[in-house]
Each structure stands twice: as C-alpha cells, then as structure tokens.
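K.L.:
what would the 3D arrangement of this be:
(4 chains, ligands or ions: 4)
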Number of protein chains: 2
Amino acid sequence: MTHSEEDYIKAIYHLGTSGNERVATNAIAEQMETKPSSVTDMIRKLSEKEYVSYKKYQGVSLTESGIGKALSIVRKHRLWEVFLVDKLDFSWDEVHEIAEQLEHIKSEKLIDSLDKHLGFPKFDPHGDPIPSKSGVLTKTTKMLLNELKVNQSGICVGVKDSSAPFLKFLDKHGIALGDKITVLDKEDFDGSLHININDKSILISHQIGSNLYVRCD
Amino acid sequence: MTHSEEDYIKAIYHLGTSGNERVATNAIAEQMETKPSSVTDMIRKLSEKEYVSYKKYQGVSLTESGIGKALSIVRKHRLWEVFLVDKLDFSWDEVHEIAEQLEHIKSEKLIDSLDKHLGFPKFDPHGDPIPSKSGVLTKTTKMLLNELKVNQSGICVGVKDSSAPFLKFLDKHGIALGDKITVLDKEDFDGSLHININDKSILISHQIGSNLYVRCD
DNA sequence: CATAATTTTTAGACAAATCTAAAAATATAT
DNA sequence: ATATATTTTTAGATTTGTCTAAAAATTATG
Ligand SMILES: [Mn+2]
Ligand SMILES: [Mn+2]
Ligand SMILES: [Mn+2]
Ligand SMILES: [Mn+2]
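P.N.:
Ligands and ions are numbered 1, 2, ... in the order given. Next comes the predicted model:
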C-alpha cells in the first residue's frame, strides 16, 4: 500500500464518519486538495484492491478491510502526535503536518514500541481517541460546547477543528484540554457565549463554541 | 528533493568515502539494488540540480551542495537509529531498515528536537559519527581489529559491516561497543585471531577481525 | 417533466522512477 | 594494436499519480 493510497483511505474514513457512510468524489477531492478526476482514478484502484466498495456515480464507502487499514493509519498518526507533544515538546498546533508524514512509516514493531514508550495513551493532543492495536476506539460521550444550556458546565475534551489557527487561538485565551468550562450566558443575536474558564469570564463566538468538545457526565 | 533522490545522494556519499571520489554507475546500481540504466537516468537529474558533477562514462562525484544534502540525510538516519535503540529498546541489528524510512521525514524542527531529546549524541548505535546540524563530522582515529599486533589492545568503537547477521554474531559472542579487546595471538594460516574480551578468550575469523573497528590511543 | 446546473467519469497527456534490449564507449588481454 | 569483455548510455516501454478538457450521468429548478 502506497503513501498516496493510505492518504486517500484516511480521507474517506474521516469524511464518512468512521467508515460507514458513502462519500462523494468531490468531497474527497476537496479534502485531499486534488482534482475529482484524480480521485476517480484512485478510487478505482482502491476498489480493485477491495479497500472500498464503489458503484459509479454513487460515491464510495470503506470495506471492512479498508476500515482496518484506516484505523491503523489513524493510530499511527495520533501516536506520533502524542510523541511530538509529550517527548519533543511540540505544541499541539505544530504536530499535524509532521504526523502526516510519520503515519506512513512501515514497521509494526516500531509503532508498538512507541505506544509502550508513551505509556499506551488513549487520546491524542487534540482529544481524539487512539485506536488500539486491534482497531478498537475508545468511545466518549462528548458534545459541542454551544449545545450546553446556560449554567451547565463541562470538561473540555477535544477540538473539532484542529487547524493551527484555531489551536493557537485556544492557547492565547488559556483554553486547554481538561479545563472546566461553564456557560454563563448565550446571546440570542449571534449565538456567542459568555463562559467561565479558570476563574475568568470571557466571551467567545458561536464558531468557537461549535468547534470545542466538552464532556459533562 | 524526492525520497528516491535522497537515497541516491546517500549511496554516492557512502561509496565515494564521504563525497570526494568519483563513483561508478555500476557501483551505485549494486548498492541501490537497481539497474545501471536507472542510475544513469537519476544521475542526469541530480546533475541538472547540481547535486553531482557528472561527465559521461566518467562516473559521478558529489558537489558541495550534494555533500551538504548527504550529511543532512546521514544525520537524520543516525539520530533516528539512536532513538530506536535508546528510547524504544530496539537492538542495533533492527534499526537500519526503519531509519532508512525515517531519514526522509521533512522537518528541521523535528530533527533538532530529537537531537536534544537524545542528549546530542555524537555516535550512532554502530559507532558511526553523527554529523552536526552544520554538517561537521567528529573525526576518530580508528583501525580494524586485525591490523593490531599481537599483545596490542583497543576499545571496540564501531563496525564496518553493519548487517544484521554480523551484529547478531557480535551479540551472541558478547562483543559490544566500548569493550576492551586484546589480541593474544594471530594464526598465520588463515588470519584468525585469538582475542581476550570481558575476561574470556575466544577465537575469531579474519573476516570478523576485518569488520570491527577499535581505537587504541 | 423538461431543462439547467452540478457532479462524476472518461480520454488523453505528462512527469517521475523504473525496466529490457541494444548500441556506444571504455577497459582488458592476447 | 587488435580483438574481446565490460561498463555505460540510449531508446523505448511500463507503472504510478497527477492534470485538463470534454462527455456522461445525476440532481435541482421552474
Ligand atoms: Mn499522510
Ligand atoms: Mn490529532
Ligand atoms: Mn532511505
Ligand atoms: Mn548506523
């Protein structure tokens, strides 16, 4: 399996909310920053190798084998992200691009040793779950911050958007995974939120609130 | 610079004893396990990019820019080898293949952080020097074990052959970097050596002796 | 439901890296 | 020095991944 095939499988996995839904050619093209015709070509190849099931004009979905492959790549990606943050002191907004390369390194023993070295982490620096060696994902009951009602609170457990600008924004405003956030008020006008975090009260936009995951047991 | 270009540059570097000598097309083909015609094609490309100087039928040598690139790849290769042995508990005969992949990961910050994480090592697990960020190699005065005279001794500081079978042989006979080896006797017949190591006296072949480096200040 | 807009696929081209087979240059040996 | 052997290059083909432009299928709209 080539570098490129792996990136396509992973894109299909993420777009199809973990494998099951059918994914459109154009959606893959946009995610991969490539052209729809290139996607069609690759899909045909992946279909021949039985990683995806494909009917012309009907989009693709991952097969069992494709989901397995995707989970293995996601596992590697997220373990490397943990390594970069925990061991090499990268910040969480710097790791994605490098993990994008490291996820393609081929060695079963390497990734298992890395897992052990990191203390078998369950989540990556963005709060996303790390699949186990056998492909099991820790399910968490998380919701978006702006789904909370006024006076409810939750623990920040992940981000939906993990782009560098968003992560930098969170750093700047002192919002980190594990922090307790309480919704003090909601503006009807634009959906922005008054929240309390680390004993400070700040105002955040609807867009921020819709990209932060919280858990409120 | 592509994965493949980097591997060619590195092969030329190693074959040309660190850059200066002209290297034959066939030698590169053999090292890379590829065909001479493929080498000619690649050499032409590297020549256009001015990483090598090339005159038809006369072999190639690295330019200044090519040597710089080679040192950067060798630095990455050897730092990753140290990581695998020191942090992930790999044995020295298992690391080469994986480092062969890891050396192509592109991120200046990654390799500098890794260097720091490892405590700025000067040598890799096989005793080979790690080029500094600026491309400086620690020069050591090492000689092959079978160049020693009877009753001379030296500290084992490296291997010439770093293939898994040879490294496994050394492990099996308890020979490791840093060990003191004394030559007790030499057989005229086949050049084999009686040596003393770790208070034990063993007999090793000429071939073993010609692949072990020692330093005897 | 017929037409327009959008999505998806096909056809054909290209760059990168490889190969085989044959030709050209260089090296070796009598 | 001439013939032979070896090395190196060229010519032409193949695979992988990509692209543009055009055709075909699907979806949306009036
Ligand atoms: Mn990737
Ligand atoms: Mn992540
Ligand atoms: Mn390599
Ligand atoms: Mn080494």
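K.L.:
can you list the low-confidence ranges for chain A?
P.N.:
Applying pLDDT under 70 to chain A picks out residues A:18-19.
K.L.:
now do the helices in it.
P.N.:
Counting by DSSP state H, residue ranges of the helices within chain A are A:3-15, A:25-32, A:36-48, A:64-86, A:95-102, A:108-117, A:164-172, A:206-209.
K.L.:
got the angle between the fourth one and helix A:95-102?
P.N.:
So the one you mean is helix A:64-86. Angle, helix A:64-86 to helix A:95-102, by axes from the mean of the first three to the mean of the last three CA atoms, to 10 degrees: 130 degrees.
K.L.:
hmm, helix A:64-86 touching chain B?
P.N.:
Yes: on the criterion CB under 8 Å from any CB of the partner chain, helix A:64-86 is in touch with chain B at A:Leu84. From N, CA and C alone the C-beta is placed, and that goes for glycine too.
K.L.:
about what we covered before: tell me the most buried of the helices of chain A?
P.N.:
For the helices of chain A, ranked by mean neighbour count under the definition mean count of other CB atoms under 10 Å in any protein chain shown, the leader is helix A:64-86 at a mean of 21.
K.L.:
any idea how far that helix is from the chain center?
P.N.:
Averaged C-alpha coordinates place helix A:64-86 at 10 Å from its chain's average position (CA atoms, centre = their mean, to the nearest Å).
K.L.:
which strands and helices sit next to that helix?
P.N.:
helix A:3-15, helix A:95-102, helix A:108-117 (3 or more CB pairs under 8 Å, 6 or more residues apart in numbering or on different chains; DSSP states H and E).
K.L.:
let me see the contact set for A:Val214.
P.N.:
The neighbours of A:Val214, taking CB atoms under 8 Å, 6 or more residues apart in numbering or on different chains as the test, are A:Lys142, A:Met143, A:Leu144, A:Leu145, A:Leu148, A:Gly154, A:Ile155, A:Cys156, A:Val157, A:Ile181.
K.L.:
show the buried residues in the residues you listed.
P.N.:
Neighbour-count burial (16 or more other CB atoms under 10 Å in any protein chain shown) applied to those gives A:Lys142, A:Leu145, A:Leu148, A:Gly154, A:Cys156, A:Val157, A:Ile181.
K.L.:
pretty sure the third one contacts A:Gly154?
P.N.:
Okay, so that is A:Leu148. Yes: applying CB atoms under 8 Å as the test, A:Leu148 and A:Gly154 come out as touching, 6.2 Å apart.
K.L.:
how close does the residue of chain A most remote from its centre sit to A:Phe169?
P.N.:
Computed with CA atoms, centre = their mean, the residue of chain A farthest from its C-alpha average is A:Phe189, at 30.3 Å. As defined by CB to CB, to the nearest Å, A:Phe189 lies at a distance of 22 Å from A:Phe169.
K.L.:
which parts of chain A sit against chain B?
P.N.:
Residues of chain A lying close to chain B (CB under 8 Å from any CB) are A:84, A:87-90, A:94, A:97-98, A:101-102, A:105-107, A:109-110, A:113-114, A:117.
K.L.:
show me what contacts the residue nearest the centre of chain A?
P.N.:
To find the centre residue of chain A, average its C-alpha atoms and take the closest one (CA atoms, centre = their mean): that gives A:Asp128, at 5.6 Å. Counting by CB under 8 Å, 6+ apart, A:Asp128 touches A:Arg78, A:Gly158, A:Ser162.
K.L.:
nearest to B:Asp124, of those residues?
P.N.:
The closest of the contacts of A:Asp128 to B:Asp124 turns out to be A:Arg78 (CB to CB; 28.4 Å).
K.L.:
now the closest one. Nearest residue, chain neighbours left out?
P.N.:
If you skip the residues right next to it in sequence, A:Arg78 has A:Asp124 as its closest partner in space, 3.8 Å away by CB to CB, 6 or more residues apart in numbering or on different chains.
K.L.:
these two touch, right, the one you found and A:Leu84?
P.N.:
No: with contacts counted by CB under 8 Å, A:Asp124 stays clear of A:Leu84, the gap being 10.0 Å.
K.L.:
DNA strand D contacts on chain A?
P.N.:
A:2-5, A:34-35, A:37-38, A:41-42, A:45, A:56-57 (CB under 7 Å from any atom of the strand).
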